[in-house]
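[1] next comes the sequence, and after it the predicted model I'd like to discuss.
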Amino acid sequence: GQSLEQPSEVTAVEGAIVQINCTYQTSGFYGLSWYQQHDGGAPTFLSYNGLDGLEETGRFSSFLSRSDSYGYLLLQELQMKDSASYFCAVRGATNKLIFGTGTLLAVQP
Amino acid sequence: EAGVTQFPSHSVIEKGQTVTLRCDPISGHDNLYWYRRVMGKEIKFLLHFVKESKQDESGMPNNRFLAERTGGTYSTLKVQPAELEDSGVYFCASSRGGDTQYFGPGTRLTVL
């Protein structure tokens, strides 16, 4: 089968750094994406890793280790508006995305 | 550049009725995808169009679901007849190639 595991909830305070982990087991792998979703709205693309290593985009960074079937999303200088659900998603052979169960991030003042 | 749009935003129907969801992808995006999220579970892939051809429909649950993309522009997803377990949020996404998929706001379907 195919599965992606993420923590269900994470809580952090404003200004802090938080890391959301994702481990995957899929039959095909063409990259790991991260999406943010506010209140059940449109998932918004954050970051993509096709190769091992770290990708940095502003306050957000994402890391991938294909040998460990593992990745993470790092959010720095947390803001209240970062409170949302975060999904990792594996891109399969036909470009379909296989999503994790999502991590609900609560940022507290 | 306009994003992916979906219509309607909400639909409430009774079991056995028919509902048609519409998705307009970002202009110029040949790839169009349908996903759905049921009862707080993970977002699951339904199918993928490249222009007007179905590239992958492995995620379609059963033959009550019919997706079309005539002319390679907008797409429709029809559920006929709808069952209770079809309730959820149906998302559409589009991409230019095999790269980043941009999602629409979704259609929240409730089957009573």
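    Yep, it's here.
[2] within range of chain A, give me the residues from chain B.
    Contact residues (CB under 8 Å from any CB of the partner chain) of chain B with chain A: B:3-4, B:31, B:33, B:35, B:41-45, B:48, B:55-56, B:58-59, B:89, B:91, B:93, B:95, B:98, B:100-106, B:108. Every C-beta, even on glycine, is put in place using the N, C-alpha and C of the backbone.
[3] now, the residues you listed that are in helices?
    Using DSSP state H, no member of the residues of chain B next to chain A sits in helices.
[4] buried only: go through those for me.
    Buried subset of the residues of chain B next to chain A (neighbour count, 16 or more other CB atoms under 10 Å in any protein chain shown): B:4, B:31, B:33, B:35, B:42-45, B:48, B:56, B:59, B:89, B:91, B:93, B:95, B:101-106, B:108.
[5] in strands, which of the residues you listed appear?
    B:31, B:33, B:35, B:43-45, B:48, B:56, B:89, B:91, B:93, B:95, B:102-103, B:108 (DSSP state E).
[6] which of those sits closest to A:Gly58?
    Nearest to A:Gly58 among those: B:Tyr102, at 18.4 Å, using CB to CB.
[7] could you pull up the residues touching that closest one?
    With contacts taken as CB atoms under 8 Å, 6 or more residues apart in numbering or on different chains, B:Tyr102 has the following neighbours: A:Phe45, B:Gly3, B:Val4, B:Ile26, B:His29, B:Ala93, B:Ser94, B:Ser95.
[8] could you redo the last one with a cut-off of 6 Å?
    Counting by CB atoms under 6 Å, 6 or more residues apart in numbering or on different chains, B:Tyr102 touches B:Val4, B:Ile26, B:Ser94.
[9] in a markdown table: those, plus pLDDT.
    Shown next, in a markdown table, are the contacts of B:Tyr102 (pLDDT from 0 to 100):
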| residue | pLDDT |
| --- | --- |
| B:Val4 | 96 |
| B:Ile26 | 95 |
| B:Ser94 | 96 |
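[10] can I get those in JSON lines with distance to A:Glu14?
    Formatted as JSON lines, these follow (distance: CB to CB, whole Å):
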{"residue": "B:Val4", "distance to A:Glu14": "32"}
{"residue": "B:Ile26", "distance to A:Glu14": "34"}
{"residue": "B:Ser94", "distance to A:Glu14": "35"}
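[11] chain A: strands as residue ranges?
    Secondary structure of chain A (DSSP E): strands at A:3-5, A:9-13, A:18-25, A:32-37, A:44-49, A:53-57, A:60-65, A:70-75, A:84-91, A:97-99, A:103-108.
[12] chain B: which of the ones you listed is closest?
    Of all the strands of chain A, it is strand A:97-99 that lies closest to chain B, at 4.3 Å by CB to the nearest CB.
[13] what sits against the residue nearest to the spatial centre of chain B?
    Nearest to the geometric centre of chain B sits B:Trp34, at 3.7 Å (CA atoms, centre = their mean). Applying CB under 6 Å, 6+ apart, we find B:Trp34 in contact with B:Leu46, B:Leu47, B:Leu77, B:Cys92.
[14] the helix or strand harbouring B:Val12: partners in the sheet, and parallel or antiparallel?
    B:Val12 belongs to strand B:10-13 when assigned by DSSP states H and E. Strands that pair with strand B:10-13, judged by DSSP bridges, come out as strand B:107-111 (parallel).
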